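>>> Here is my input, please return the structure:
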Amino acid sequence: MHKLGVGYAMYFNKKYQRVGTLFQGSFRSVHVTREAHFIHLPFYIHANPLDLKFPTWRQRELTKPQEAMKFLENYRWSSFPDYIGRKNFPSVTQRAFLTDVFGKPKQYQATTLQLLKEMQLDTIRDIALEPIDE
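Numbering: from 1, shown residues only. Coordinates of the predicted model:
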């Protein structure tokens, strides 16, 4: 990942005649070993952009889950719209796997909204890259 990041930064900087880093911090990962983690991972990944508009969502302070859902549905730089049936980056995403696991796009959308309402993040607390407060 480091080599990929450095290479892309060099390309981007040369193309746009700029200098400096493109990414915040270094690449981080967690080994997923339990099915419960695996099942919640796509939702957690797709919820990450909420940090931009709802910075306290990880502390279970999301008071407007419907508004948060609309934000995720319309957030351009996420694959979430593709997974709920809206074409955003269809040539980049591989949707078949999530469809096999979670059902049709509308089901994935409904499940995501339900998770935002319940905010039961305990299942993934030990694999989250950022702290999840109780």
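
>>> Chain neighbours aside, what residue packs nearest to residue 60?
Excluding its sequence neighbours, the residue lying closest to residue 60 (CB to CB, 6 or more residues apart in numbering) is residue 119, at 4.5 Å. Where C-beta positions appear, they are placed from N, C-alpha and C, glycine not excepted.

>>> what residues are up against the one you found?
Counting by CB atoms under 8 Å, 6 or more residues apart in numbering, residue 119 touches 57, 60, 62.

>>> would you list those residues in CSV and tack on neighbour count?
Below are the contacts of residue 119 laid out as CSV (neighbours: other CB atoms under 10 Å):
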residue, neighbour count
57, 19
60, 14
62, 17
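
>>> Low-confidence ranges, the chain, go.
120-134 (pLDDT under 70).

>>> Give me the phi and psi for residue 2.
When quoted as degrees, to the nearest 10, the phi and psi of residue 2 stand at phi -60, psi -50.

>>> what's the nearest residue to it if we skip its chain neighbours?
residue 27 (6.5 Å).

>>> That neighbour reaches residue 6, doesn't it?
No: using CB atoms under 8 Å, residue 27 makes no contact with residue 6, being 10.8 Å away.

>>> can you pull out the helices in the protein?
Ranges of helices in the chain, per DSSP state H, are 2-15, 35-47, 50-53, 65-74, 80-83, 96-102, 105-118.

>>> Is it possible to get those out as a markdown table so that each row also shows mean neighbour count and distance to residue 23?
Formatted as a markdown table, the helices of the chain follow (neighbours: other CB atoms under 10 Å; distance: least, CB to CB, whole Å):
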| stretch | mean neighbour count | distance to residue 23 |
| --- | --- | --- |
| helix 2-15 | 11 | 6 |
| helix 35-47 | 16 | 17 |
| helix 50-53 | 14 | 15 |
| helix 65-74 | 16 | 22 |
| helix 80-83 | 22 | 21 |
| helix 96-102 | 12 | 26 |
| helix 105-118 | 16 | 26 |
